[in-house]
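My questions concern the predicted model and sequence given below.
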Amino acid sequence: RRPGFDITLPEPPASLEGLRVATWFDDDFCRVEKEVVALLERAGAELSAKGLDVSAAQPEVGLDEASECGRMLCRLALQPLAPTSAYTHKEWLELDRRRHKIRARWALFFERYDVLLMPVTCTPAHAHDQDGTMLDRSLTIDGESRPLFDVVRWNLLASMAYLPSTAAPIGFTK
């Protein structure tokens with residue numbers, strides 16, 4: 001055994017058949033581009049056809065709530081780079097308390113499901129805009145102008161709660 005952090009994981013299953021897969025492909029708070037939703041739906045159908053137990057479900061965690069808490073935590077982490085945005089340690093403790101409540105709801109969700117299939121972001125790859133600041137920039141999704149920050153809302157859902165995640169290619173958009 002090596003010194004330091006060590007974790008022992010269970011052996012992987014011999015078959016993925018019966019794996020409980022929840023799907024969450026879109027949300028009114030941060031709409032996902034229709035082409036991306038279609039690719040995710042196809043991926044869910046293919047998993048179901050291979051014997052996985054696939055159903056639409058989402059945790060008792062709102063994308064808006066997790067996104068806002070994650071955004072504030074990121075802003076706090078970057079505070080030394082932007083000293084004009086001064087937060088107190090008390091404010092950080094409150095955000096961290098909110099994060100842990102969200103993590104508890106995720107834990108309950110993963111008692112019922114083994115994995116959640118969801119978008120990494122609300123849009124496929126897009127042109128990199130260097131004009132202005134991140135707060136000034138926008139992008140167009142399904143004909144609607146949206147703040148550039150929307151591209152990180154979906155991945156904040158998992159990352160702000162310290163959840164493991166991965167991204168895999170599932171197809172191409174136009």
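Structure received. Numbering: from 1, shown residues only.

longest helix in this structure, by residue count?
helix 89-112 (DSSP state H).

any idea which element the residue most central in space within the chain lies in?
The central residue of the chain, meaning the one whose C-alpha is nearest the mean C-alpha position (C-alpha atoms, centre = their mean), is residue 155 at 3.0 Å. Element membership for residue 155, per DSSP states H and E: helix 150-159.

contacts for that helix?
Contacts with helix 150-159, where a contact means C-beta atoms under 8 Å, 6 or more residues apart in numbering, come from 29-30, 32, 61, 63, 66-67, 70-71, 74, 118-123, 126, 139, 141, 164-165. Where you see a C-beta, it was placed from the backbone N, CA and C, and this is true even at glycine.

Just the mean pLDDT for that helix, thanks.
In this model, helix 150-159 has an average pLDDT of 90.

Please, where are all the helices along the chain?
Using DSSP H, the helices of the chain run over 34-49, 63-77, 89-112, 150-159.

among those helices, which is the most enclosed?
Greatest average neighbour count among these goes to helix 150-159 (a mean of 20), per mean count of other C-beta atoms under 10 Å.

Now do that helix: distance to the chain's middle.
Between the mean C-alpha location of helix 150-159 and the chain-wide mean there is a distance of 4 Å, by C-alpha atoms, centre = their mean, to the nearest Å.

So, low pLDDT: which residues of the protein?
Along the chain, the model assigns pLDDT under 70 to residues 1-3, 79-86.

rerun at 90
For the chain, applying pLDDT under 90 flags the ranges 1-18, 71-92, 124-141, 145, 147-152, 166, 168, 173-174.

on that earlier part again, just the C-alphas of the helix holding residue 155, formatted as CSV.
Backbone C-alpha positions of helix 150-159 (Å, rounded to 0.1, in the frame of the first residue of the first chain) are rendered in CSV as follows:
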residue,chain,number,x,y,z
ASP,A,150,-24.9,29.5,-20.1
VAL,A,151,-22.2,27.2,-21.6
VAL,A,152,-21.0,26.3,-18.1
ARG,A,153,-24.4,26.0,-16.3
TRP,A,154,-24.8,22.3,-17.0
ASN,A,155,-21.3,21.3,-16.0
LEU,A,156,-21.5,23.3,-12.8
LEU,A,157,-24.4,21.1,-11.9
ALA,A,158,-22.0,18.2,-11.3
SER,A,159,-18.7,20.0,-10.6
